[in-house]
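**Student:** Fold the following.
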Amino acid sequence: MITDRLIERIIELQNPTCVGLDTSFDYLPDDMRAGAKDFSDVAERIFYFNKKLVDTLCDIVPSVKVQIAYYEMYGAEGLKAYRETLSYAAEKGLVVIADAKRNDIGSTAACYSRAFLGETSVEGARFSAFPSDYVTVNGYLGTDGIVPFVEDCKERDKGIFVLVKTSNPSSGELQNRDMEGKPLYARMAEMVAKWGEGLDTPCGYNQIGAVVGATYPEEQKIIRELLPKSYFLVPGYGAQGATAKDIANAFNDDGLGAIVNSSRGIMCAWKKTGNNGEDYKEAARAEAIRMRDDIVAAIK
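**Tutor:** Model (predicted):
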């Protein structure tokens, strides 16, 4: 099952981290951007950049998270690069998380789920639009918008990460508001636990996970108590300001239960070396290893 496979890779590599390929054209080295004239050129170069990073990192990280907004802004060509990135990462053995934060009313949510977790039928043939192992989902529309994703998790051995406590500074404006004696994020965590009923895997964890920001360590502790069997996707480390000590509460006593994401910190590590991007692959690898060691030391 997908959560078991994620855990197996984390244990094998001794690395509970995830590389975010949230790739803006502006993050590429100058010589890689030079001469681009349109979205087609941009998409081609973004995929090349992503592919080289995947090649460089696939033996030390278990997973990639690919944020769709960074590709949508380049139109249809950008979405082609998005799909190619998902597929290439999967070919290299990485667990692939589509960061799309989708949801809507039930019928529309079913279309979103087919796009990322399932298949779409065309005259009897079936195709995957954006094939991934997990997709991030906004649960704040309630149960009818989540059920299609849960069904695909059951039928196709997929997983979702539901937004519970996000890493952005203003998340508390809504997520920390009182709802019948508990903060709203805690009520959402309770719903995640309910949606995951019957989806425990042999490893003891669940196919329905939660997005829990690294920037809120106290909230992590509360959510972990409510969701002992859910895997957490933890954004906010590095460029958003969170450190290794901020993420310790996201993990269980077994050293598992969370995968910590860094995007710009790894993709843009070359900007700190003074070599104009000539060493972007080496810089990314060095930062990924540094992050791994930092996180492992903190959770021990």
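
**Student:** And the helices in the chain, which stretches?
**Tutor:** Remark: helices assigned in the chain by DSSP state H are 2-13, 30-33, 39-57, 69-72, 75-91, 106-116, 143-156, 172-175, 184-195, 217-226, 264-267, 280-299.

**Student:** now the fourth one: how far from the chain's centre is it?
**Tutor:** Remark: helix 69-72 is offset 14 Å from the chain centroid, using C-alpha atoms, centre = their mean, to the nearest Å.

**Student:** Also the second one?
**Tutor:** Between the mean C-alpha point of helix 30-33 and the mean C-alpha point of its chain there is a distance of 27 Å (C-alpha atoms, centre = their mean).

**Student:** cool, the fifth one as well?
**Tutor:** If you compare the mean C-alpha spot of helix 75-91 with that of the full chain, they lie 15 Å apart, counting by C-alpha atoms, centre = their mean.

**Student:** cool, the last one as well?
**Tutor:** Per C-alpha atoms, centre = their mean, the displacement of helix 280-299 from the mean C-alpha position of its chain is 17 Å.

**Student:** Tell me which residue lies nearest the centroid of this structure.
**Tutor:** Nearest residue to the geometric centre of the chain (C-alpha atoms, centre = their mean): Lys65, 3.8 Å.

**Student:** Can you name the residues bridging to that one?
**Tutor:** Gly20, Ile97 (DSSP bridges).

**Student:** need the contact list for it.
**Tutor:** Contact analysis of Lys65 by C-beta atoms under 8 Å, 6 or more residues apart in numbering lists 18-22, 97, 99, 233, 261, 263. Any C-beta I mention is one placed from the backbone N, CA and C, and that applies to glycine too.

**Student:** Arg45 too?
**Tutor:** Contacts for Arg45 (C-beta under 8 Å, 6+ apart) come out as 25, 28, 32-33, 36.

**Student:** likewise Ser121?
**Tutor:** So Ser121 contacts nothing (C-beta under 8 Å, 6+ apart).

**Student:** how close does it sit to Asp152?
**Tutor:** 14 Å (C-beta to C-beta, to the nearest Å).

**Student:** Mind exporting the C-alpha coordinates of stretch 210-218 to PDB?
**Tutor:** Taking Å, rounded to 0.1, in the frame of the first residue of the first chain, the C-alpha atoms of stretch 210-218 are listed here in PDB:
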ATOM      1  CA  ALA A 210      -2.800  15.700   7.100                       C
ATOM      2  CA  VAL A 211      -1.000  18.800   6.100                       C
ATOM      3  CA  VAL A 212       0.400  20.300   9.300                       C
ATOM      4  CA  GLY A 213       2.700  23.300   9.100                       C
ATOM      5  CA  ALA A 214       6.300  23.200  10.500                       C
ATOM      6  CA  THR A 215       5.700  26.800  11.600                       C
ATOM      7  CA  TYR A 216       3.300  25.800  14.400                       C
ATOM      8  CA  PRO A 217       4.900  23.300  16.700                       C
ATOM      9  CA  GLU A 218       2.300  23.600  19.500                       C
END
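
**Student:** thinking again about what came up before, can you redo the helices of the chain as JSON lines with mean pLDDT and distance to Ala125?
**Tutor:** What follows is the helices of the chain, written out as JSON lines (pLDDT from 0 to 100; distance: least, C-beta to C-beta, whole Å):
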{"stretch": "helix 2-13", "mean pLDDT": "97", "distance to Ala125": "25"}
{"stretch": "helix 30-33", "mean pLDDT": "96", "distance to Ala125": "37"}
{"stretch": "helix 39-57", "mean pLDDT": "98", "distance to Ala125": "26"}
{"stretch": "helix 69-72", "mean pLDDT": "98", "distance to Ala125": "25"}
{"stretch": "helix 75-91", "mean pLDDT": "98", "distance to Ala125": "17"}
{"stretch": "helix 106-116", "mean pLDDT": "95", "distance to Ala125": "14"}
{"stretch": "helix 143-156", "mean pLDDT": "95", "distance to Ala125": "17"}
{"stretch": "helix 172-175", "mean pLDDT": "92", "distance to Ala125": "42"}
{"stretch": "helix 184-195", "mean pLDDT": "97", "distance to Ala125": "31"}
{"stretch": "helix 217-226", "mean pLDDT": "96", "distance to Ala125": "42"}
{"stretch": "helix 264-267", "mean pLDDT": "96", "distance to Ala125": "36"}
{"stretch": "helix 280-299", "mean pLDDT": "96", "distance to Ala125": "38"}
